[in-house]
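# Quick one, structure for this:
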Amino acid sequence: MGFTGPLKYSKWKIKIAALRMYTSCVEKTDFEEFFQRCQMPDTFNSWFLITLLHVWMCLVRMKQEGRSGKYMCRIIVHFMWEDVEQRGRVMGVNSYILKKNMAFMTNSFYAAILGYDEGILSDDRGLAAALWRTFFNQKCEDPRQLELLVEYVRKQMQYLDSMNGEDLLLTGEVRWRPLVEKNPQSILKPRTPTYNDEGL
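Sure thing, here's the model as predicted:
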């Protein structure tokens, strides 16, 4: 089942890959396109909701990689909370308020994960309901925005599933499909990442 026994690779290799994967969620995602097409304000909370969605997609993919993948999921989430806290400090948020916000965001995160997990296993209506509740905070007036996001999640999950699990465990390299495809026929098998003997 992959719950016990040694990890496939050393913990430090998986941690480096996990950091790269989390970094891909915040550096390779076009936040501006999400703000514009989903009519989201350019705020810390909107950044968190977009990041959370991409982190969740990574977690779903890595859980398929046995015990090593599950360990990597824990590290990705750890890096996410470190980053959230750091960004809050940089923005000058009062430490008491930051602590309170972190507790609220933690609850929101686990509720979102459960909702998204149910949604991805359901039909498009189920996934749309999960996205409406969490991503849009029950405030989406335009059904086309929901349709766009459902399509994005489905194609992104398909794209992640086509990536080699060993490569993901060793490199953490993830590329995201654009929110709106310029060429709908362009969803091809991703290129294989390169890494050296140390997994770097």
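# And the lowest-mean-pLDDT helix or strand in the chain, what does it pack against?
When the helices and strands of the chain are scored by mean pLDDT, DSSP states H and E, helix 95-121 comes last with a mean of 89. For helix 95-121, the packing partners by 3 or more CB pairs under 8 Å, 6 or more residues apart in numbering; DSSP states H and E come out as helix 44-62, helix 66-90, helix 124-134. (Each C-beta comes from the backbone N, C-alpha and C, glycine too.)
# what about residue 107, how many neighbours?
Applying other CB atoms under 10 Å, we find 10 other residues in the vicinity of residue 107.
# Hmm, I typed the wrong one, I wanted residue 151.
The criterion is other CB under 10 Å. On that basis, residue 151 has 16 neighbouring residues.
# now swap in residue 141 and tell me
A total of 8 residues lie near residue 141 under the criterion other CB under 10 Å.
# Could you do the one 4 residues further on as well?
The local packing of residue 145 (other CB under 10 Å) involves 18 other residues.
# start the count at 54, not 1, going forward
Sure, I'll start counting at 54 from here, so that last one is residue 198.
# If I take the host helix or strand of it and helix 177-187, what angle do their directions form?
For residue 198, the element it lies in under DSSP states H and E is helix 196-214. An angle of 110 degrees separates the directions of helix 196-214 and helix 177-187 when computed by axes from the mean of the first three to the mean of the last three CA atoms, to 10 degrees.
# what helices or strands is helix 196-214 leaning on?
Based on contacts counted as 3+ CB pairs under 8 Å, 6+ apart, the elements that helix 196-214 packs against are helix 97-115, helix 177-187.
# out of these, deepest packed?
Per residue and on average, the most neighbours among these fall to helix 97-115, with a mean of 20 (mean count of other CB atoms under 10 Å).
# picking up where we left off before, what lies in contact with the helix holding residue 198?
For helix 196-214, the surrounding residues in contact (CB atoms under 8 Å, 6 or more residues apart in numbering) are 90-92, 106, 110-111, 113-114, 117, 173, 177, 180-181, 184-185, 188-189, 193, 227, 229-230, 232-234, 240, 243.
# how about 6 Å then?
Contact with helix 196-214 is made by 91, 110, 114, 177, 180-181, 184, 193, 230, 232, 240, as judged by CB atoms under 6 Å, 6 or more residues apart in numbering.
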